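Asker: with the sequence up front, the predicted model follows.
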Amino acid sequence: MKHLRNTAESGAVEKNRSVAVRRYLALARARQTVSALKLQFAYDWSNPNMPAETLIRKVVDKGRFHDLAVICKRYGLERVRELAGDQIAASPALQRSFANIERGFARAREQHPA
């Protein structure tokens, strides 16, 4: 019986280790994604494992054009607009930035059709 208990315990330990490794790898991938974006501001300094939605909202809050363009390219213009919600309507600067990003994306599609 003692052998069976040790086998069960080692199975539980192995399962916990597997879960921990998967969690670590997911967090590492998320962190690489944020650093790979090469944003001009460190939005994730206090939470390097923040979800994409949080990052998008922080970038929109800051309103830096370069960073807005980067996240629109990475996550899609419609998704960013959806998450930005009323902020765009309330800010002429954000309206102008999103209009320019949309024009730039359209121009890129014309020059480099898929």
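Answerer: Ah, there it is.
Asker: for the rest of this, base every contact and every neighbour count on C-alpha atoms.
Answerer: Will do.
Asker: check what pLDDT Arg74 gets.
Answerer: The score at Arg74 is 92. That number is its pLDDT.
Asker: distance check, it against Gln111.
Answerer: As defined by C-alpha to C-alpha, to the nearest Å, Arg74 lies at a distance of 19 Å from Gln111.
Asker: higher neighbour count, these two?
Answerer: Regarding Arg74 and Gln111, a neighbour count based on other C-alpha atoms under 10 Å identifies Arg74 as having more, with 12 against 9.
Asker: list the contacts of that one.
Answerer: Arg74 makes contact with Leu37, according to C-alpha atoms under 8 Å, 6 or more residues apart in numbering.
Asker: ok, then the element right after the helix or strand hosting it?
Answerer: Using DSSP states H and E, Arg74 maps to helix 65-75. As assigned by DSSP H and E, the chain's next helix or strand after helix 65-75 is helix 77-84.
Asker: how much space is there between Leu68 and Ile56?
Answerer: Distance, Leu68 to Ile56, by C-alpha to C-alpha: 8 Å.
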